[in-house]
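S.K.: fold the following.
(2 chains)
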Amino acid sequence: AQKVTQAQTEISVVEKEDVTLDCVYETRDTTYYLFWYKQPPSGELVFLIRRNSFDEQNEISGRYSWNFQKSTSSFNFTITASQVVDSAVYFCALSEAWRGGSQGNLIFGKGTKLSVKP
Amino acid sequence: EAQVTQNPRYLITVTGKKLTVTCSQNMNHEYMSWYRQDPGLGLRQIYYSMNVEVTDKGDVPEGYKVSRKEKRNFPLILESPSPNQTSLYFCASSLFAGAGGANVLTFGAGSRLTVL
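M.R.: Numbers count the residues shown, from 1 in each chain, chains lettered A, B, ... in the order given. Got it, this is the predicted structure:
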């Protein structure tokens, strides 16, 4: 069965520290997509990244980087030199190519609340 | 501006009083979906729609109804709300239904519903 696990419920760091948010997924599909979304205190959900199952290259975008490892079914998210504005709840999500006839529905993890203190 | 608009943003109601949360998108998206967010549970899908007049249940559909009569609108209906439906609700849309799972969802701002 498909599942996304974010074992870290809450993380607290001091500004400028690096922090890694873990995401482990389960799927039987060979074709799937992984996502990260950010939910700042204002409440909206903001798309950060999408990665397909055939592309294991790591991705870096500014202070953000993502490490996708199929061997461990993980898609971890690292923030380098964290800032107070990074404080948010971060969700990892999985979308399978075929899920009981409903392609593309997102399955979310429970989220990790990141607090960055000045 | 391309967006998903939900209304109302905040609502306090009483048990049994029917309510509708509207959702509208201006991006000509095929796919629309409703999620609820609860502490410790993350986001769970209620219903989704692959296109006009095509809707299906998500993971937690009990107590909810939807309709998709027009491409842009996807209202969520609570016929007889109960306190366990107190939650933060998100509507979302994406360009193509399915797309092999590649959908990037655009979310509305959320609707916080309290049922007393």
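S.K.: which ones are touching A:Val85?
M.R.: Contact partners of A:Val85, counting by CB atoms under 8 Å, 6 or more residues apart in numbering or on different chains, are A:Val116. For glycine as for every other residue, the C-beta is placed from the backbone atoms N, C-alpha and C.
S.K.: and what of A:Gly111?
M.R.: Under the criterion of CB under 8 Å, 6+ apart, the contact partners of A:Gly111 comprise A:6, A:39, A:89-91, B:42.
S.K.: just the pLDDT at A:Lys113, thanks.
M.R.: The pLDDT attached to A:Lys113 in the predicted structure is 96.
S.K.: residues touching the helix or strand harbouring it, excluding its own?
M.R.: Assigned by DSSP states H and E, A:Lys113 falls within strand A:112-117. Counting by CB under 8 Å, 6+ apart, the neighbours of strand A:112-117 from elsewhere in the structure are A:6, A:8-15, A:17, A:19, A:21-22, A:79, A:82-90.
S.K.: ok, now with 6 Å
M.R.: Outside of strand A:112-117, the residues that reach it under the criterion CB atoms under 6 Å, 6 or more residues apart in numbering or on different chains are A:6, A:8, A:10-15, A:21, A:82, A:84, A:86-87, A:89-90.
S.K.: quick one: strands adjacent to it?
M.R.: Sheet pairing of strand A:112-117 (DSSP bridges) gives strand A:10-14 (parallel), strand A:88-96 (antiparallel).
S.K.: just name the most buried of those.
M.R.: Burial of the strands paired with strand A:112-117 is given as mean neighbour count (mean count of other CB atoms under 10 Å in any protein chain shown); strand A:88-96 ranks first at a mean of 24.
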